[in-house]
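Visitor: Predicted model and sequence follow; I will ask about them next.
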Amino acid sequence: MAKSNKTNETTVSVADFINHFVENDQKKADSFELIKLMKEWSGFEPKMWGPTIIGFGSYHYKYASGHEGNAPIIGFSPRKAAFSLYVYSPTPESEVLIAELGKIKIAKACIYIKKLADVNISVLKQICKQSIAYISEHHECACKEK
């Protein structure tokens with residue numbers, strides 16, 4: 001039997017989450033700026049996913065293993081050590097853009113930044129737009145309705 005996704009959309013207020021969870025004033029300001037930018041780029045309102053992820057839009061995925069669930073199209077989490085940006089898609093274009101993004105660390109599907117000033121915002125926008133296009137092409141996605 002396939003396991004379901006533990007990270008689901010919630011009704012928790014995004015602003016309340018940032019104001020209560022994020023202690024650093026710069027990280028708070030960066031969080032609200034990321035919300036403004038990702039809302040503009042995605043066309044979706046911010047929603048909480050699980051206890052700490054701020055996501056925009058949603059899509060349904062299903063792996064060959066049978067595991068399936070829903071996830072935000074793009075999003076981020078203002079973690080204590082660094083922001084986790086969930087904006088990456090596995091395309092050759094994204095690989096080129098990642099090299100131009102700025103001061104980052106990258107894991108399998110996550111980009112880590114310390115602060116927004118460390119990255120090139122126009123490159124981040126291109127990465128987000130490519131991720132939205134990739135998800136729209138490969139998954140059942142609310143972005144197809146936009």
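Guide: Done, it's in. This one's a predicted model, so the numbers in the text were calculated from it and none came from an experiment.

Visitor: so what's the nearest residue to K28 once chain neighbours are set aside up against?
Guide: Distances taken as CB to CB, 6 or more residues apart in numbering put V22 closest to K28, at 4.8 Å, once the chain neighbours are dropped. Heads up, the C-betas are built off the backbone N, CA and C, glycines and all. For V22, the contacting residues are K28, S31, P78, by CB atoms under 8 Å, 6 or more residues apart in numbering.

Visitor: Excluding sequence neighbours, find me the nearest residue to I53.
Guide: Distance criterion CB to CB, 6+ apart; nearest residue to I53, sequence neighbours excluded, is S77 at 4.8 Å.

Visitor: May I ask you to confirm that Y88 is in contact with Y112?
Guide: No - counting by CB atoms under 8 Å, Y88 does not reach Y112; the two are 11.0 Å apart.

Visitor: so where's the chain uncertain?
Guide: 1-6, 141-146 (pLDDT under 70).

Visitor: give me every residue that touches F56.
Guide: Taking CB under 8 Å, 6+ apart as the definition, contacts of F56 comprise M38, K39, S42, F44, E45, P46, K47, P72, I73, I74, G75.
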